[in-house]
Every structure is written in structure tokens, then in C-alpha cells.
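In: From the sequence below, what's the structure:
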Amino acid sequence: MRIAVTGSIATDWLMTFPGRINEQLVEGELQRVSLSFLVDELEVRRGGAAANIAFGLAQFGLAPVLVGAVGADFDSDYRGWLDSHGVDTASIRVSVDKHTARFLCTTDDDQNQIASFYTGAMEEARRIALAPVIERVAGIELVVVSPNDPTAMIRHTEECRALAMPFVADPGQQIARMPGSDVRKLVDDAHILITNDYEKALLERKTGWSHEDVMERVDVRITTVGPQGCILERRDGERMEVPTVHERRRTDPTGVGDGFRAGLLAGMSWGLPLERCAQVGSLTATYVLEHIGTQEYGLERTSYLERFTTTYGDEAGRELSDVLTLR
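Out: Take a look at the predicted model:
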């Protein structure tokens, strides 16, 4: 199954604060916060939600199509990196006058984060039509609508409906920026809706929909709950909980959610049951957590299967072994 991944393509500026962010917040004074964090480390890495997901899919030997907007600086290094790892970058729009988006994030000792996101060329993603992408690449069966320019996200979901193309609604942090009427447009008729637990509550508050209302509009709802794993819910009422895989080291949480989505989608492309797909997603997310940078991990078949089987059992391991495309 070919998957088109739409969304942000960015450069990540990752900083580490040797302390706890919440200890710097003064109760009763939050109406006028003015803080500066002296950080110990700065890592500049490739990132962006769509690029991270596409990179993860390519790690499994799949051929994802990345759809988004970047600046001319993208061609100096980032495009070659993605191309060399098996990502199709031919449908990326290059702005003539804006820089590639930038994500600036400070992480504390408890893995709490404060971040800012510079849109830059990403706002031109609203000019990208999906129909030419689908015509160019044979076999696209699923479109992922991940965090992006809000107008682009709405356009892509509307195009998917018009083309009868199944899509994954992954609105992420853009829920906070968009009015409820627009969030509703992102969710309606989605094959899968993915959020974390905070975004789940915010989505329901903004749309005015109850959990039951949302479940009437999507086939599957997936809610990630941090170290506790994720919750899978189908429209027919089936509910499952999938635990995480224990990390060997906890390095940086940036991009962990994108790793989960990459593994989940890889499992779907292999035709695995939903629970197995989420388990692949959870292990892939752990690999991301163990590295600085969202695209710095590698996957190797033997060790991947060993970690998967240790956590989820022999039957799950055998089922994955039959389809896993890692070497």
C-alpha cells in the first residue's frame, strides 16, 4: 500500500534545560509570565511531522510520498537525506521567498517541553492539490493529514472526501489554533483519528462533540496516553489498550508521536490487525525516544523482533515476523 503523508517539513532546534520547567512557574503570577531558560545543549536536526512519519515508513522499506511546502534551503541537504532513505519528495512545493519551517523546543529533566513553531514556507502548502499527486504515483490508497498549515489541512481532507480516498486525521497541535468549525471538517469521515489524551479533550471541547459523537464520524479512534501506551476504539464499540515498549534510555521525546504513526501505518500497509499495528507503532516510538533528533534512529530486523516479542509475546512476534520488511 502506498501512503501519501501531508504535513509539516521543518528543521528542529532542540535545547535541554537542566531543571524542571514547572518549578519556574509562580502560582498567582501566571498572568504575566516572563521567563528565559539558560540551556546546556543545542541540537539542530531534520524534522516536521510529515517528514518524520515518511522517514519512519521508509525505514520499513516502504515508499511513502511526502507532500508539503518548504523553502529553497530544503534542497541544500534535507531533500537528499530523505531521497537517500527512500522517501518520494517529488510532490514537495518549494517557496521562492520563505524559509523552511522551524521548530524550537526546550526540554527539561522531566521530559516536559516548551516549544514555538515558525510557519515559514509551510503556509504555501494550501496551494498543493492532491489529485496531481495521486495521478503521478500509482497505488496510493491512504492519505495522512498531519499538522500543517490549517487551510491546507482542510483542503486535503475535502479532497480526500471528493476522491473517495481514505484518510487519517492527525490534527495534533493545530487543534489549539483552529476554531471548532474547522476541527469538525478535519474529523468528519476520517478512517482513523489520532490524538494524544490532551488533544482528545481539547478536540471535544472545541467541536462541542462528545466522545460518542466523534465515534459516529470515524472508523477508528486512537488516543496516545504517553508512557501508558495507547487506546484503540472502533465504531462498533471494540476497545483495546496497547502498552509501550520499555526504553533502554530516555533521550528526547521530540517526534515520538510521529514514530508511533509511522509504525502504525507500516503495520496497516502489511495488512496486520489493528492491535498489532499499534504495537509496531509503540516500539517504533521507543526507538525515537532513545535518540536525539526525530530521524536519527535505524531499524534492524533481529533486534526489532526480539524487542517486539519480549513485550507483546511469541504469537505477536511470529505474526510480525511473517510480514516485517526489515533486513
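In: Alpha carbons of the helix or strand Ser181 falls within, as CSV, please.
Out: In the assignment (DSSP states H and E), Ser181 maps to helix 180-187. Extracted in CSV, the C-alpha atoms of helix 180-187 (Å, rounded to 0.1, in the frame of the first residue of the first chain):
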residue,chain,number,x,y,z
GLY,A,180,-14.2,24.3,16.3
SER,A,181,-16.0,24.5,12.9
ASP,A,182,-12.7,23.8,11.2
VAL,A,183,-11.7,21.0,13.5
ARG,A,184,-15.0,19.3,12.7
LYS,A,185,-14.0,19.4,9.0
LEU,A,186,-10.8,17.6,9.8
VAL,A,187,-12.5,14.8,11.7
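In: For the following helix or strand past it, name the packing helices and strands.
Out: Where DSSP H and E defines the elements, the next helix or strand beyond helix 180-187 is strand 192-196. Applying 3 or more CB pairs under 8 Å, 6 or more residues apart in numbering; DSSP states H and E, one finds that strand 192-196 contacts strand 167-169, strand 220-224, helix 256-269. Every C-beta, even on glycine, is put in place using the N, C-alpha and C of the backbone.
In: the inter-axis angle of strand 192-196 versus strand 220-224?
Out: 20 degrees (axes from the mean of the first three to the mean of the last three CA atoms, to 10 degrees).
In: Sort out which residues of the next helix or strand after strand 192-196 are buried, please.
Out: Counting by DSSP H and E, the next helix or strand C-terminal to strand 192-196 is helix 197-207. Applying a neighbour-count criterion of 16 or more other CB atoms under 10 Å, one finds 199-200, 202-204, 206-207 buried in helix 197-207.
In: how about those residues in TSV, adding distance to His156?
Out: Output for the buried residues of helix 197-207, formatted as TSV (distance: CB to CB, whole Å):
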residue	distance to His156
Glu199	19
Lys200	21
Leu202	21
Leu203	18
Glu204	23
Lys206	19
Thr207	19
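In: quick one: the helices in the stretch 51-200 of the chain?
Out: Assigned helices in the stretch 51-200 of the chain, in chain order: 78-84, 130-136, 150-162, 180-187, 197-207 (criterion: DSSP state H, counting those that start in this stretch).
In: Any chance of these in a markdown table with mean pLDDT and distance to Gln173 as columns?
Out: What follows is those, written out as a markdown table (pLDDT from 0 to 100; distance: least, CB to CB, whole Å):
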| stretch | mean pLDDT | distance to Gln173 |
| --- | --- | --- |
| helix 78-84 | 97 | 21 |
| helix 130-136 | 97 | 22 |
| helix 150-162 | 98 | 11 |
| helix 180-187 | 97 | 12 |
| helix 197-207 | 97 | 8 |
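In: and the ones you listed as JSON lines, adding distance to Glu23?
Out: Converted to JSON lines, the helices of the stretch 51-200 of the chain look like this (distance: least, CB to CB, whole Å):
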{"stretch": "helix 78-84", "distance to Glu23": "36"}
{"stretch": "helix 130-136", "distance to Glu23": "46"}
{"stretch": "helix 150-162", "distance to Glu23": "34"}
{"stretch": "helix 180-187", "distance to Glu23": "33"}
{"stretch": "helix 197-207", "distance to Glu23": "21"}
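In: How about Thr106, nearest residue that isn't a chain neighbour?
Out: Closest residue to Thr106 apart from its sequence neighbours, by CB to CB, 6 or more residues apart in numbering: Met15 at 4.7 Å.
In: Around Arg20, how many other residues sit close by?
Out: 12 (other CB atoms under 10 Å).
In: For it, give me the pLDDT.
Out: With respect to pLDDT, Arg20 scores 93.
In: Help me confirm that it comes into contact with Asp108.
Out: Yes - Arg20 is within contact range of Asp108, at 5.3 Å (criterion: CB atoms under 8 Å).
In: Would you work out how far apart the start and end of stretch 318-325 are?
Out: End-to-end span of stretch 318-325 (CA to CA, to the nearest Å): 13 Å.
In: Give me the residues contacting that stretch.
Out: Under the criterion CB atoms under 8 Å, 6 or more residues apart in numbering, residues 60-62, 270-272, 276, 279-280, 301, 304-305, 308 lie in contact with stretch 318-325.
In: residues of it that come out buried?
Out: With burial defined by 16+ other CB under 10 Å, the residues of stretch 318-325 counted as buried are 319-320, 324.
In: Out of the residues you listed, list just those in helices.
Out: Among these, the members falling in helices (DSSP state H) are 319-320.
In: Can you tell me which of the buried residues of stretch 318-325 is closest to Ala138?
Out: Leu324 (24.5 Å; CB to CB).
In: mind checking how far that closest one is from Ser34?
Out: 50 Å (CB to CB, to the nearest Å).
In: just to revisit the earlier point, and the residue nearest to Thr106, how far is that from Ala176?
Out: Distance from Met15 to Ala176, by CB to CB: 22 Å.
In: Also Val225?
Out: 19 Å.
In: Glu296 now?
Out: 28 Å.
In: which of those two has more neighbours?
Out: More crowded of Glu296 and Ala176, by other CB under 10 Å: Glu296, with 17 against 12.
In: Spit out the contact partners of that one.
Out: Arg45.
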